[in-house]
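Engineer: Sequence plus predicted model, see below.
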Amino acid sequence: MLTADAAQHLFEDLAQRYQLEWADIQVGPIKLKLLQMADLESYLVHHMEAQHLSLENFPYWAMVWDGALVLADFLVKQPPQSDQTILELGAGLGFAGLAAAARGHQVTITDTIPDALTFARLSAWQNRLANVRVEYLDWHDPQLAGQFSWLVGSDILYEPASFAQLLQIFRRYLRPGGKIYLTQGLRSRGPQAFIELAKPLYNVRFQEKKLRQAEGDKKILFFELTPKEAV
């Protein structure tokens with residue numbers, strides 16, 4: 001848990017690069033304050049016009065994607081257990097993991113983007129969540145210790161080049177008897193390609209979740225993977 005002085009230092013450092021705001025967000029009975037960029041659209045437009053952004057450095061981490069909303073809703077509906085731990089992969093701002101921690105789960109939030117980790121750490125501090133860790137995790141060179149009851153991730157099934165590393169992460173960090181929960185928007189063929197790779201190793205269950213929004217309902221894929229050797 002950050003000290004107040006450390007949190008202030010991190011906030012001031014981020015404020016030199018981004019306009020910041022605290023957003024009030026509710027997932028079921030859980031209420032959170034989430035640190036995010038203010039007027040993200042203007043930030044993106046400005047940096048794209050200045051040619052500071054490309055597909056390689058586009059800040060996908062700075063958005064709460066639809067899949068994260070569905071994953072957070074699922075996690076807050078699950079009763080926490082004393083021996084259960086959750087690892088969130090590619091967490092970005094850490095929205096789903098923070099919601100799970102606010103529900104009482106023991107959560108480790110991970111990403112590779114330093115600023116994303118700072119946003120998540122500050123949100124954890126603001127919400128007084130002592131049961132959440134925020135850690136760096138590179139899928140190509142994983143150094144994080146431990147194994148976890150559940151591995152979870154939202155909108156991480158979009159880049160086929162990363163699928164082999166993701167499967168390695170599953171094997172390394174999933175505790176025996178554990179489960180994997182993934183959500184993904186219908187933006188590409190990535191989910192189908194990944195599941196085809198995963199099927200020899202995992203029993204896969206999926207369903208389409210309907211996310212109701214003002215601009216219209218959206219379909220989100222929800223996957224549960226269980227290692228075949230554990231069945």
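Structural biologist: Thanks, I have the structure now.

Engineer: can you pull out the strands in the chain?
Structural biologist: Secondary structure of the chain (DSSP state E): strands at 20-27, 30-37, 85-89, 106-111, 132-136, 148-154, 174-185, 202-211, 218-227.

Engineer: so which of those gets nearest L122?
Structural biologist: Across the strands of the chain, L122 has its closest neighbour in strand 30-37 (4.9 Å, CB to CB). C-beta here means a position set from N, CA and C on the backbone, and glycine is covered the same way.

Engineer: quick check: mean pLDDT across the closest one?
Structural biologist: When pLDDT is averaged along strand 30-37, the result is 96.

Engineer: Among the strands of the chain, show the one with the smallest mean pLDDT.
Structural biologist: With a mean of 90, strand 202-211 has the lowest mean pLDDT of those.

Engineer: contacts for it?
Structural biologist: Strand 202-211 is contacted from outside by 66, 69-70, 170, 180, 183, 195, 198, 217-228, 231, using CB atoms under 8 Å, 6 or more residues apart in numbering.

Engineer: What subset of those residues is buried?
Structural biologist: Neighbour counting over the contacts of strand 202-211 (16 or more other CB atoms under 10 Å) leaves 66, 69-70, 170, 180, 183, 195, 198, 218, 220-227 as the buried ones.

Engineer: Determine which of the strands of the chain approaches R121 most closely.
Structural biologist: Nearest to R121, of all the strands of the chain, is strand 132-136, at 4.7 Å by CB to CB.

Engineer: how big is the angle separating that closest one from strand 106-111?
Structural biologist: 30 degrees (axes from the mean of the first three to the mean of the last three CA atoms, to 10 degrees).

Engineer: elements contacting strand 132-136?
Structural biologist: Packed against strand 132-136, as judged by 3 or more CB pairs under 8 Å, 6 or more residues apart in numbering; DSSP states H and E, are the following elements: helix 95-103, strand 106-111, helix 114-126.

Engineer: What sits closest to the spatially most central residue of the chain if chain neighbours are left out?
Structural biologist: Most central in the chain under CA atoms, centre = their mean is A91, positioned 2.5 Å from the mean C-alpha point. Of all residues not flanking A91 in the chain, I109 sits nearest, at 4.5 Å (CB to CB, 6 or more residues apart in numbering).

Engineer: In contact with the one you found, which residues?
Structural biologist: Here I109 is in contact with 88, 91, 94, 97-98, 117, 120, 124, 132-135 (CB under 8 Å, 6+ apart).

Engineer: Let's see that with 6 Å instead.
Structural biologist: 88, 91, 94, 97, 120, 134 (CB atoms under 6 Å, 6 or more residues apart in numbering).

Engineer: before we move on, the earlier item: output the helices and strands packed on strand 132-136 in a markdown table; the columns should cover distance to I156.
Structural biologist: A markdown table is the format used below for these (distance: least, CB to CB, whole Å):
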| stretch | distance to I156 |
| --- | --- |
| helix 95-103 | 11 |
| strand 106-111 | 10 |
| helix 114-126 | 13 |
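
Engineer: Which one of these lies nearest to M37?
Structural biologist: helix 114-126 (8.6 Å).

Engineer: which helices and strands does that closest one pack with?
Structural biologist: Packing partners of helix 114-126 (3 or more CB pairs under 6 Å, 6 or more residues apart in numbering; DSSP states H and E): helix 4-15, strand 30-37, strand 132-136.
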